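Asker: how would this look folded up:
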Amino acid sequence: MSAPSHEENLSPLAHADRSTWFSRLCEHTAFWMLLILLGLVFVFSLISPNHAFFSVSNFFTIALNASQLVLLAAGMTFLLGSREFDLSVGANVVLSSILSAKTITGLAGTPDQVAMGDYPNLTVAIIAGVAVALLTGTLFGLINGLVVTRLKISSFLVTLATTTVGLGIALVITHGANVPDIPRVLQISFATNKIFGVIPLPVAVSLIIVCVLWYVLSKTRFGTHTLALGSSPNAARRAGIDINTHSLYLFSLMGLLCGVAAVLDISRFATTNIGGHQTDNLQAVAAAVIGGTSLFGGIASMSGTVIGTLIPVVLSTGLVIMGLDSFYQLIVVGLIVIVAVYIDQRNRQRSV
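Answerer: Coordinates of the predicted model:
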């Protein structure tokens, strides 16, 4: 008579525990999105010419391309968790990068010196430029929060309006032209520089910020209050949470992250990008929702947001390597968002 297998030795309780664990895992949208992400990596690695997709350099390129979007998506995760929106993040990045670039080129030297690539006051100019980007982004977010909380207008409508205001100010300042003569030392010393010759500095900065935000969201009272606000504003108010003040913090945090993204943007490309960032808002929302953050508030996943950020970047990179139009990613990402929202709604119905 053969000895009983390990499976047969498991008690019914152990089987139940394992089944319960797996069923709980399947309820998380981030789990299914991780499978999609791994599937995309596997497929592109298999079918790309000479398996070019599956290389260390390509993975670092993907991480570098995701470094800005993941900051915006992380901020959006907090806002969506509290049942708020910010559709002005793209305009905020554009305006912050323009004011930062103007500050750097204005303080680095005389117009003739800057035009010739000579920057006698480079250090002061860069410090001031970074400070201006962070302050501009934070102020932009704070204004959004003040209008939402003081005038009691939907954040969707407020930030939709401030999008045009922000872009309008940017166009007035620049007359529709990108800011030239940004010091390339930003690109050489920061954007293309690597820690220990391995991890690009922009990626390291984004990872540190996202890790801090993950800790804040999951381990601190601030994160608990954020999700409580999204679950039930009335209950949060009865629990003693200052809803207006907390919302101001959230919108200001979103603005600050836009400022950081603006610094990464001008350092990577050594120019501003007035015509870009048109879809940053939708990409940030999509990344958060794909990762399991609920559009209806109360549920947020920072780790899922990172996965949701990587999916469109992996798609775009893979399609380019395959010689196909990267715009196909918009179609696929849209379909994935629909699936993610469906999973979120289904899980909510089960929990009722």
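Asker: ok, L146 - how many residues close by?
Answerer: 16 (other C-beta atoms under 10 Å). C-betas here are computed from N, CA, C, even on glycine.
Asker: Going forward, the N-terminal residue is numbered 483.
Answerer: Understood, numbering begins at 483; the last thing we discussed is L628.
Asker: Could you find the closest non-adjacent residue to it?
Answerer: L730 (6.9 Å; C-beta to C-beta, 6 or more residues apart in numbering).
Asker: And the one you found, which helix or strand is it part of?
Answerer: helix 725-751 (DSSP states H and E).
Asker: just I690 next, same as before
Answerer: helix 683-701.
Asker: just V771 next, same as before
Answerer: Per DSSP H and E: helix 762-772 holds V771.
Asker: now that helix, how far from the chain's geometric center?
Answerer: Counting by C-alpha atoms, centre = their mean, to the nearest Å, helix 762-772 is centred 8 Å from the centre of its parent chain.
Asker: CA atoms only: put it into PDB for me.
Answerer: What follows is helix 762-772, C-alpha atoms only, in PDB (Å, rounded to 0.1, in the frame of the first residue of the first chain):
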ATOM      1  CA  ASP A 762      -1.100  62.700 -18.200                       C
ATOM      2  CA  ASN A 763      -4.300  63.000 -16.200                       C
ATOM      3  CA  LEU A 764      -6.000  60.100 -17.900                       C
ATOM      4  CA  GLN A 765      -2.800  58.000 -17.700                       C
ATOM      5  CA  ALA A 766      -2.500  58.700 -14.000                       C
ATOM      6  CA  VAL A 767      -6.100  57.800 -13.300                       C
ATOM      7  CA  ALA A 768      -5.800  54.700 -15.500                       C
ATOM      8  CA  ALA A 769      -2.600  53.500 -13.700                       C
ATOM      9  CA  ALA A 770      -4.300  53.900 -10.300                       C
ATOM     10  CA  VAL A 771      -7.500  52.200 -11.300                       C
ATOM     11  CA  ILE A 772      -5.700  49.400 -13.200                       C
END
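Asker: Which elements pack onto the longest helix along the chain?
Answerer: Scanning the chain for the helix with the most residues, using DSSP state H, yields helix 604-633. When contacts are defined as 3 or more C-beta pairs under 8 Å, 6 or more residues apart in numbering; DSSP states H and E, helix 604-633 sits against helix 571-589, helix 637-656, helix 725-751.
Asker: go with 10 Å
Answerer: helix 538-563, helix 571-589, helix 637-656, helix 667-668, helix 725-751 (3 or more C-beta pairs under 10 Å, 6 or more residues apart in numbering; DSSP states H and E).
Asker: what angle do the longest one and helix 762-772 make?
Answerer: Same thing as helix 725-751. If you take axes from the mean of the first three to the mean of the last three C-alpha atoms, to 10 degrees, helix 725-751 sits at 110 degrees to helix 762-772.
Asker: list the buried ones in the helix holding I690?
Answerer: L683, P684, V685, A686, V687, S688, I691, V692, L695, W696, V698, L699 (16 or more other C-beta atoms under 10 Å).
Asker: roughly how far apart are the first one and L528?
Answerer: With distances defined as C-beta to C-beta, to the nearest Å, the gap from L683 to L528 amounts to 32 Å.
Asker: same question, the third one
Answerer: With distances defined as C-beta to C-beta, the gap from V685 to L528 amounts to 26 Å.
Asker: likewise I625?
Answerer: If you go by C-beta to C-beta, the gap between I625 and L528 works out to 49 Å.
Asker: what's the answer for H728, then?
Answerer: H728 is 47 Å from L528, by C-beta to C-beta.
Asker: Comparing those two, which residue is more hemmed in?
Answerer: H728 (18 against 10).
Asker: That one reaches A710, doesn't it?
Answerer: Yes. Using C-beta atoms under 10 Å, H728 makes contact with A710 at a distance of 9.3 Å.
Asker: Find residues that contact each of those two.
Answerer: The contact sets of H728 and A710 overlap at S564, A718 (C-beta atoms under 10 Å, 6 or more residues apart in numbering).
Asker: pLDDT of the helix holding V771, averaged?
Answerer: Averaged across helix 762-772, pLDDT comes to 88.
Asker: try stretch 584-596
Answerer: Rounded mean pLDDT across stretch 584-596 is 91.
Asker: next one: stretch 792-803
Answerer: Mean predicted confidence for stretch 792-803 is 87.
Asker: in that stretch, what counts as buried?
Answerer: L792, I793, P794, V795, V796, L797, S798, T799, G800, L801, I803.
Asker: Please report how far the second one lies from M515.
Answerer: Distance from I793 to M515, counting by C-beta to C-beta: 7 Å.
Asker: Now the common contact residues for those two.
Answerer: Counting by C-beta under 10 Å, 6+ apart, the residues touching both I793 and M515 are A769, I772, G773, I818, A822.
Asker: Run through the neighbouring helices and strands of the helix or strand hosting A512.
Answerer: Per DSSP H and E, A512 falls inside helix 511-529. Helices and strands touching helix 511-529, by 3+ C-beta pairs under 10 Å, 6+ apart, are helix 494-508, helix 538-563, helix 762-772, helix 784-803, helix 810-833.
Asker: what's the most buried one of the ones you listed?
Answerer: helix 762-772 (a mean of 26; mean count of other C-beta atoms under 10 Å).
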